[in-house]
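> Quick one, what's the 3D model for this:
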Amino acid sequence: MSTKKYLYGLTVQGIQSYIFETNKLREIVGGSEIVEQMCTTWFEKFKDDNSITGKFYLKAAGNIRFKTEKEDDAKKIFMEYHKELLEKAPGVPFSQAVVEINDDEDKAIDELDAKLRAQRNRPLYGFDLGLMARRKNRRTGNPAYSKVTNSSDDEILDIITYAKQENKGATALQDKTDIDSISYPTEFKKIAKGSTKSWLALIHIDGNGMGNRINKIRKGDKVLDTLKSFSENVEKSTKVAYKKGVDRVIEILKMNKESTDPLPMRPIVLGGDDLTLIIRGDLAIAFTYAYLKEFEKQTEEKLKDYGGKLTAATGIVFVKEKFPFHYSAHLAEELTSYAKNKSKRTHSCLHFHMVQDSFVDSYKEIIVKDLTVTKNDEKDKKYIFIKGPYYLNKTGAPNISGLLNDIKVLKKDDAPTNAMREWVDVKFNNPEMADTIMQRIQRKYSKEYSNIINNTKAYIDYHTLISVGTKF
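Numbering: from 1, shown residues only. Just a heads-up that it's a prediction; the model follows:
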């Protein structure tokens, strides 16, 4: 007779929305630390304090999968850890479930996933619902919970914001990077310090085809052990790739005789195959390029028994220091999805956009409004300024190395950068004159710059990377 086993699962929904609902870096950091601790240090402490026995199969990126042979332990986790999170992580949307494993781990995983999806539709009730006669946090409109006493802000905080500020000094995420010798800023202006016109970048990187890969390796009797090993190796690859990106940033800063303490960047989400970080705008492409190369290298080595190399798609949003970051977080995810769809989830690539409006529409609307010439002189066809995504190594497609080489060339004193920018303006505002301007550019610059001049759909990308002062 087999021993009964129970599989507990917890999933955090809307991680980016929760973290980026504020525009203060300290609260963004606090929110990211809360999400990280929910699935690691807090759960581990709860387990140890309650003498719960069992085995982790996943504890990263807003997810927990934990197996125990004791029904009482499974019940305790479900009932009491849930209550603890409502107190310690107010406002975080999460779902949890428990299933019994009846000799078929694969079936139990499907059953758990179905229960977690169903739980998404059930509301979470907080401990601080508020009264009608109560002050509000002016930034969020939520009921007051505490007043800041040790800050120049001197503001009334709601319970969610208070929790984020309380956790801004936690180091669970930083400890996870396995890099002890660096520190990160706690204010946007410190990240932007030294940049061209205070440009920042929000980078979101996500692995390609993870769902299909997981479905392929879910075979045999020990499915949970297989998934555990696979997940751990993916996360190791992500952390090594992150360190490679950090090393590249440090190398560039030292070449330009800039301080590396603190680094002008801040990781926000780092787990599984996901990475989200805020970085100084001029360093964004160099970091991403180094990361993607190392991620492919590491997964090729570490996932030999699980289908081999993984690729990843990246969305990068360039914004000014004071731009509302909840808009940019949503846009970064849309850019990542765009890159995934264009690459058919088979190649590592990146796609980026510079935000210059005070409000960000969806990327589809941005394409229509900001990147499409609706009145074109070429038989009334629309002209769309999209060249990306740019690939790590795809034959016959725009690639990152080529893009960086073009930017190096365009930084020369005699480069046609201003003339190309003039052509873009004319293309939008007076398209009938565009051919005349282009003929003038070709006559003056065609010999040395012919490849760049003819690459007209990349002109706005060139302008973006030159404007943020891209370093190599």
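
> So which residues of the stretch 301-450 of the chain form strands?
312-320, 349-354, 372-373, 383-384, 390-391 (DSSP state E, counting those that start in this stretch).

> which stretch among those strands comes nearest Phe56?
Using C-beta to C-beta as the measure, strand 312-320 is the one of those that comes nearest Phe56, at 24.6 Å. Every C-beta, even on glycine, is put in place using the N, C-alpha and C of the backbone.

> How far off centre is the closest one?
8 Å (C-alpha atoms, centre = their mean, to the nearest Å).

> a markdown table for the strands of the stretch 301-450 of the chain, including mean pLDDT, distance to Arg117 and mean neighbour count?
As requested, these are exported to a markdown table (pLDDT from 0 to 100; distance: least, C-beta to C-beta, whole Å; neighbours: other C-beta atoms under 10 Å):
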| stretch | mean pLDDT | distance to Arg117 | mean neighbour count |
| --- | --- | --- | --- |
| strand 312-320 | 96 | 24 | 26 |
| strand 349-354 | 97 | 29 | 26 |
| strand 372-373 | 92 | 37 | 16 |
| strand 383-384 | 92 | 37 | 16 |
| strand 390-391 | 98 | 34 | 24 |
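
> need the ones you listed in JSON lines with distance to Lys444, can you?
Converted to JSON lines, the strands of the stretch 301-450 of the chain look like this (distance: least, C-beta to C-beta, whole Å):
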{"stretch": "strand 312-320", "distance to Lys444": "30"}
{"stretch": "strand 349-354", "distance to Lys444": "27"}
{"stretch": "strand 372-373", "distance to Lys444": "23"}
{"stretch": "strand 383-384", "distance to Lys444": "23"}
{"stretch": "strand 390-391", "distance to Lys444": "27"}
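
> after the lowest-mean-pLDDT helix or strand in the chain comes which helix or strand?
Least confident helix or strand, the chain: strand 144-147 with a mean of 59, by mean pLDDT, DSSP states H and E. As assigned by DSSP states H and E, the chain's next helix or strand after strand 144-147 is strand 156-158.

> mind listing what that next one pairs with, with the direction of each?
strand 144-147 (antiparallel) (DSSP bridges).

> which element follows the longest helix along the chain toward the C-terminus?
The helix that spans the most residues within the chain, counting by DSSP state H, is helix 223-255. Remark: after helix 223-255, the chain's next helix or strand is strand 265-271, criterion DSSP H and E.

> Can I get that following strand in CSV, CA atoms only?
Extracted in CSV, the C-alpha atoms of strand 265-271 (Å, rounded to 0.1, in the frame of the first residue of the first chain):
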residue,chain,number,x,y,z
MET,A,265,20.8,49.4,-12.3
ARG,A,266,18.4,47.4,-10.0
PRO,A,267,17.0,43.9,-10.5
ILE,A,268,13.3,43.7,-9.8
VAL,A,269,12.4,40.1,-10.7
LEU,A,270,14.9,37.3,-11.0
GLY,A,271,13.6,33.8,-11.0
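
> helices or strands next to that strand in the packing?
Packed against strand 265-271, as judged by 3 or more C-beta pairs under 8 Å, 6 or more residues apart in numbering; DSSP states H and E, are the following elements: helix 15-19, helix 25-39, helix 172-176, helix 223-255, strand 274-280.

> Look up the closest residue to Asn208, ignoring the ones flanking it.
Nearest in space to Asn208, with sequence neighbours left out and distances taken as C-beta to C-beta, 6 or more residues apart in numbering, is Arg345 at 4.0 Å.

> neighbours of the nearest residue to Leu303 once chain neighbours are set aside, just the number please.
Nearest residue to Leu303, sequence neighbours excluded (C-beta to C-beta, 6+ apart): Asn233, at 5.8 Å. If you count neighbours by other C-beta atoms under 10 Å, Asn233 ends up with 19.
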